[in-house]
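A.B. asks: Sequence unavailable; structure follows:
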């Protein structure tokens, strides 16, 4: 008949008890939370754990570095308080049995590190010292871990979190197996002269990504054979503040932003959004709003543990003052009566208007009517002044008894076949084009804004590479453009 699992446990327990060492066996004593231990344990060796200070251990951790073997635990009176369990390399065990107790190793040699644990002490600060191995803290709190040392060349500390622990019951013994290790950092640590200082502030390793209700076991271990002081604290609440140099103004408006943060887990990341699609990860950026509108900016500060704090504000930007002007009609014989219209935008109302018609006459109306009695081209200008004394100017040219000249704004080579496209305004059907005074082989009128020059090789010959060519457009009514320089 196959024995039950509990029967197997107690069979192993009796076997181990019969092999427990006598008074001459190798033994070590661990006196509390301010020291750890480690080494090679052989069959019959034991470690006794007693209550200590700074802090007194709430339990025991054992990390198997190499080897394998069975073990059994007894209480301080020598009574068996747990059944046997098997240890092998890579195991990290956390025992919640209260000291004093003794752990006996059997079988093959084990290389182990061991020490005390502190269970769920925060939010009050917890501190302790570890040497020759890790120090452990089991908690489900979000913590900052700090460390310092009292010796050793180039002292460094490694911090690892074990993000899950599995409870195990063996006989009367409860313990946990830790897993899901997460490296939190490796850094130089401060040196402390006071053997009991235990007041480290740097470096700081935040433990994060905790599940609600889960336990986290962290380990602080030195890279050498020297002790470290450590503490673990619930970080203060993360707070942040943000300011903007301007809450309103006229575009383009340059705004200097500043950010502050405190508490949480230091190592802050800054993320600004300015409300117009632009962003920045600088702590104190400057941003220019180029158009008018009401913009809500937002600062998000993220600490090293992933906790966030946000602040928002608004900037009201008035569009820059601008004005457009138009005459109706633009051209005709004298005398020519013209209705002018002006349209201001942006700036701050009310607006003041000042017209100059180019023939010595003026007006302060927004949309004046003026009669031109002489022929000529008149560059009529309107100047608008807003309530902040900002100004904008627009032109509304009028042509009395003279043709409207076309305007060339751009020229671009087209291929397959070779052509030249002219873009501008006031082109007329039948317009001709001169290239350095030579007529284009062919000119196709597309619209008042576009002409296409054709002619293949002949056109290409009139536009040699690397040489500037002067282009003129002449309308059938005699209107002639200003020369436009083009280089292929």
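C.D. replies: Perfect, I can see it now. These numbers were taken from a predicted model, which means no experiment stands behind them. Numbers count the residues shown, from 1 in each chain.
A.B. asks: quick one: the strands in the stretch 351-488 of the chain?
C.D. replies: For the stretch 351-488 of the chain, applying DSSP state E, counting those that start in this stretch gives strands covering 352-356, 362-363, 369-372, 376-385, 391-400, 407-414, 419-425, 432-435, 438-439, 442-447, 450-454, 468-474, 484-487.
A.B. asks: Next: the stretch 201-350 of the chain.
C.D. replies: Using DSSP E, counting those that start in this stretch, strands in the stretch 201-350 of the chain cover 204-206, 216-222, 228-233, 239-244, 248-250, 253-262, 269-273, 279-280, 286-289, 293-302, 308-318, 322-328, 331-332, 336-345.
A.B. asks: Go through these and name the closest to residue 64.
C.D. replies: With CB to CB as the measure, strand 216-222 is the member of the strands of the stretch 201-350 of the chain nearest residue 64 (13.6 Å). For the C-beta atoms, the positions are set from N, CA and C on the backbone; glycine is no exception.
A.B. asks: contacting residues for residue 476?
C.D. replies: Contact analysis of residue 476 by CB atoms under 8 Å, 6 or more residues apart in numbering lists 428-431.
A.B. asks: okay, those in TSV with pLDDT and neighbour count next?
C.D. replies: Formatted as TSV, the contacts of residue 476 follow (pLDDT from 0 to 100; neighbours: other CB atoms under 10 Å):
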residue	pLDDT	neighbour count
428	96	17
429	96	9
430	96	11
431	97	21
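A.B. asks: between the strands of the stretch 201-350 of the chain, which gets nearest to residue 407?
C.D. replies: The nearest among the strands of the stretch 201-350 of the chain, by CB to CB, is strand 331-332 at 14.1 Å.
A.B. asks: Would you mind splitting the protein into its domains for me?
C.D. replies: 5-233, 239-318, 322-400, 407-487 (automatic domain parsing).
A.B. asks: lowest-confidence stretch among those?
C.D. replies: Mean pLDDT values for those show the minimum at domain 5-233, a mean of 62.
A.B. asks: what about residue 368, how many neighbours?
C.D. replies: Residues near residue 368, counting by other CB atoms under 10 Å, number 19.
A.B. asks: next one: residue 464
C.D. replies: Residue 464, neighbours per other CB under 10 Å, totals 11.
A.B. asks: What residues does it make contact with?
C.D. replies: Residues counted as contacts of residue 464 (CB under 8 Å, 6+ apart) are residue 488.
A.B. asks: Look up how far residue 408 lies from it.
C.D. replies: From residue 464 over to residue 408 the distance is 19 Å, taken as CB to CB, to the nearest Å.
A.B. asks: ditto for residue 275
C.D. replies: From residue 275 to residue 408 the distance is 41 Å (CB to CB).
A.B. asks: Check residue 358 too.
C.D. replies: For residue 358 relative to residue 408 (CB to CB), the value is 23 Å.
A.B. asks: Comparing the two, which shows the higher neighbour count?
C.D. replies: Ranked by neighbour count (other CB under 10 Å), residue 358 and residue 408 place residue 408 first, with 21 against 18.
A.B. asks: Am I right that that one is in contact with residue 481?
C.D. replies: Yes - with contact defined as CB atoms under 8 Å, residue 408 reaches residue 481; the gap is 5.2 Å.
A.B. asks: Overlap in contacts, these two.
C.D. replies: Joint contacts of residue 408 and residue 481 (CB under 8 Å, 6+ apart) are 424, 473.
A.B. asks: List the residues that contact residue 354.
C.D. replies: 362-364, 382-385.
A.B. asks: Show the buried residues in the residues you listed.
C.D. replies: Neighbour-count burial (16 or more other CB atoms under 10 Å) is assigned, among the contacts of residue 354, to 363, 382, 384-385.
A.B. asks: For these, give me JSON lines that also has distance to residue 448.
C.D. replies: Converted to JSON lines, the buried ones among the contacts of residue 354 look like this (distance: CB to CB, whole Å):
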{"residue": "363", "distance to residue 448": "29"}
{"residue": "382", "distance to residue 448": "24"}
{"residue": "384", "distance to residue 448": "28"}
{"residue": "385", "distance to residue 448": "34"}
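A.B. asks: which one of those residues is nearest residue 164?
C.D. replies: Nearest to residue 164 among the buried ones among the contacts of residue 354, with distances taken as CB to CB, is residue 384, at 70.4 Å.
A.B. asks: isn't the closest one right up against residue 392?
C.D. replies: Yes - Residue 384 is in contact with residue 392 according to CB under 8 Å; the separation is 5.1 Å.
A.B. asks: what's the overlap in contacts for these two?
C.D. replies: In contact with both residue 384 and residue 392: 321, 323, 344, 347, using CB under 8 Å, 6+ apart.
A.B. asks: partners of the third one in the sheet?
C.D. replies: Taking DSSP bridges, one finds residue 323 as the beta-bridge partners of residue 344.
A.B. asks: about what we covered before: reformat the contacts of residue 354 as a markdown table; add distance to residue 250.
C.D. replies: Below are the contacts of residue 354 laid out as a markdown table (distance: CB to CB, whole Å):
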| residue | distance to residue 250 |
| --- | --- |
| 362 | 28 |
| 363 | 27 |
| 364 | 24 |
| 382 | 20 |
| 383 | 18 |
| 384 | 14 |
| 385 | 14 |
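A.B. asks: Pairing partners for the helix or strand harbouring residue 179, with directions?
C.D. replies: Element membership for residue 179 (DSSP states H and E) is strand 173-188. Within its sheet, and counting by DSSP bridges, strand 173-188 is paired with strand 92-95 (antiparallel), strand 156-170 (antiparallel).
A.B. asks: So for it, what gets flagged as buried?
C.D. replies: 173, 175-176, 178, 184.
A.B. asks: what's whichever helix or strand comes after it packed up against?
C.D. replies: Moving toward the C-terminus from strand 173-188, the next helix or strand (DSSP H and E) is strand 190-191. Contacts defined by 3 or more CB pairs under 8 Å, 6 or more residues apart in numbering; DSSP states H and E place strand 190-191 against strand 144-149.
A.B. asks: For the strand it packs on, enumerate its sheet partners and note whether each is parallel or antiparallel.
C.D. replies: Short version: by DSSP bridges, strand 144-149 pairs with strand 190-191 (parallel), strand 204-206 (antiparallel), strand 228-233 (antiparallel).
A.B. asks: of all the shared contacts of residue 384 and residue 392, which two lie farthest apart?
C.D. replies: Farthest apart among these by CB to CB are 323 and 347. That separation is 9.0 Å.
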